[in-house]
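> model the structure of this input:
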Amino acid sequence: MIKGIYSSSSGMQPRLLKLDVVANNIANADTTGFKKNDIFVQILKNAGIAKSTEAGEFAGLDVKEFTDFSEGSFRPTSNPLDVAIQGNGFFVLETPEGPRYTRNGNFKLDDSGDVVNSDGHFLVGTGGHLTIPNASTIQQTDITINKNGEIYIGKNQIGKIKIVKFQEMQKLLKVGGTLFAADESPRDIKNNDSDTTLRQGYLEESNVQSLSEMIQLVELSRSFEADQRTMRYQDGTLEKALEVGRI
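Here you go, the predicted model:
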């Protein structure tokens, strides 16, 4: 009976984590450049090799949360500083915590003419963070960004957006809604890399499929409630068995 309670509780723990993951995905369904998370659960052959810890591992189960980096759809905008990456790669942002990587290409100019994201983090170019010279005297519609990330004002190139990629993307650590940190050094993407193209005037939307996530949320909630009922039933049966043992 105690084993049955343990088995039910072991099944509830990954479902609880999955519920949190799915709920966060749904909350970010409209977040530009967001990459959804999922969990992978593997039943270990030898339960003794996986001890329960406060870090979120469960005895007998190997539970891992991972990020799905599949590409979202592209939405056209009227902002010349909106840029979407089609294919592999990440934008590089200069932040107080160090470099951060993102697929959210929603940029603007600050008062100094620097290209920044909505949080004021600088967009990094191949020569440092990008600045538009004489920004107050030009129209943003005069700014052109080609497929390689080269930025032009008229016919004059004034910079190039730095795009990088990683050999093992699952080692990236999500540190914000659309920001990632990395331990490994990324590789710069060159002009001749056919797997990566920049699209000016577009934004990459979240790769969350809201309907699919909502269905998962309902199914997980029902499964979790079923496990709760099973545990209450087993607990009640165990209590009755103990009462009989006292007689």
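> low pLDDT regions in this structure?
In the predicted model, the chain carries pLDDT under 70 at residues 1-12, 41-62, 224-247.
> what's the residue nearest the centre of the chain in contact with, if anything?
Centroid-nearest residue in the chain: K35, 3.6 Å away (criterion: C-alpha atoms, centre = their mean). Counting by C-beta atoms under 8 Å, 6 or more residues apart in numbering, K35 makes contact with 67-70, 103, 174, 178, 206-207. For glycine as for every other residue, the C-beta is placed from the backbone atoms N, C-alpha and C.
> got it, and A84?
74, 105, 198-199, 202-204.
> got the end-to-end distance for stretch 203-219?
Taking C-alpha to C-alpha, to the nearest Å, stretch 203-219 runs 32 Å from one end to the other.
> and for it, what's in contact with it?
Outside stretch 203-219, the residues touching it (C-beta under 8 Å, 6+ apart) are 18-19, 22-23, 25-26, 28-36, 68, 70-75, 77, 82, 84-85, 103-106.
> can you select the buried ones from these in PyMOL?
If you want just the buried ones from the contacts of stretch 203-219 in PyMOL, going by 16 or more other C-beta atoms under 10 Å, the selection is:
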select buried, resi 18+19+22+25+26+28+29+32+33+34+35+36+72+77+82+84+85+103+104+105+106
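> tell me how many other residues surround L109.
Neighbour count of L109, defined by other C-beta atoms under 10 Å: 18.
> distance of it relative to I145?
From L109 across to I145, the span is 13 Å (C-beta to C-beta, to the nearest Å).
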